[in-house]
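A.B. asks: Sequence and computational prediction follow.
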Amino acid sequence: MRLSVLVQYLLPHRALSRLVYWATRWTWRPWKNFLIGRVVKAYAVDMSQAEQSDASAFASFNAFFTRALKSGARPLPEGANAIACPADGRVSRSGAIRDGRVFQAKGQDFSAAELLGDETAASPFANGSFITVYLSPRDYHRVHMPLAGTLRETLHIPGRLFSVAPFAVEAVPRLFARNERLVCHFEGASGPFAVIMVGAMLVSGVETVWSGVEIPPYSNSIVRKDWRGKGIHLERGAELGRFNMGSTVIVLLPAGTATLDSGLSAQLPVLMGQSIGRIAH
């Protein structure tokens, strides 16, 4: 096992993430400009599409990291049955869920029930399809709806905070089913679908448009919230949440309802809003 992976088993994940949480919200100008400048330079962040293109104008590093884009920067696909990519980033993996198991990397998979924290909720996805999108520090960090849907339920599932960078995904068994995450269940025109926002080391903050900050606080047991009857309906392409810092988003689609594009190979760059498949009507 690589030293960089082994060390992750030993580090105090939550303590480090709490430290980074406060560091990225410190508004002292020299500090926040130093952090922003380092990331912009190291990752060649393109600010030309940001609503605020002056990186030094953000009040904190986290404000820069969760920056909005200019109107029209991410057009949605044509056709009512097209599935929109939920985030900017790179495809980690995509394809069929086989007998309830989701492919992570060569020799690595996990069950949909583990990921969702609920055996019953996983049953519609047993032979469905999935896409996993990794957001790097250079990417736009808001997550959007792949399809129109009405929110039914969320589960904040406790866990570790391993890195979700490609080297860790290949080495840590069942990584996405082990990390702290927020599972969002929606009901769409063609049935249920789930959007899972997975936390990661140093980057474990998650918030939603309907409830604000969900993670932290960190949890030691599953926190389930029932949103049925609350009228929370989001159209395809609408923002549903954001990573305060970044991570990975996974979309699960039920069997027989969707066909993902065959060209969604591992490490393919994708943009929020581009077509990644089609719903069968």
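C.D. replies: That came in fine, so what should we check first? This structure is a prediction, so every number in the text was calculated from the model and none was measured.
A.B. asks: So the residue in the chain sticking out farthest from the centre versus A122, what's the distance?
C.D. replies: Note on the chain: the largest separation between a C-alpha and the mean C-alpha position, by C-alpha atoms, centre = their mean, falls on P30 (30.2 Å). Distance, P30 to A122, by C-beta to C-beta, to the nearest Å: 48 Å. Yep, even glycine has a C-beta here, placed from its N, CA and C like the rest.
A.B. asks: now do V40
C.D. replies: The value you get for V40 to A122, if C-beta to C-beta is used, is 40 Å.
A.B. asks: Equivalent analysis for S221, please.
C.D. replies: Taking C-beta to C-beta, one finds S221 at 19 Å from A122.
A.B. asks: Tell me which of those two has more neighbours.
C.D. replies: A122 (21 against 8; other C-beta atoms under 10 Å).
A.B. asks: contact partners of the helix or strand containing that one?
C.D. replies: If you go by DSSP states H and E, A122 is part of helix 119-122. Around helix 119-122, the neighbours that count as contacts under C-beta atoms under 8 Å, 6 or more residues apart in numbering are 100, 111-113, 115-116, 153, 185, 194.
A.B. asks: Now with 7 Å, please.
C.D. replies: If you take C-beta atoms under 7 Å, 6 or more residues apart in numbering as the criterion, helix 119-122 is touched by 100, 112-113, 116, 185.
A.B. asks: wouldn't R174 be in contact with F110 here?
C.D. replies: Yes: shown here, R174 and F110 form a contact pair, counting by C-beta atoms under 7 Å, at 4.1 Å.
A.B. asks: more neighbours, these two?
C.D. replies: Neighbours were counted for R174 and for F110 using other C-beta under 10 Å; F110 has more, 18 against 15.
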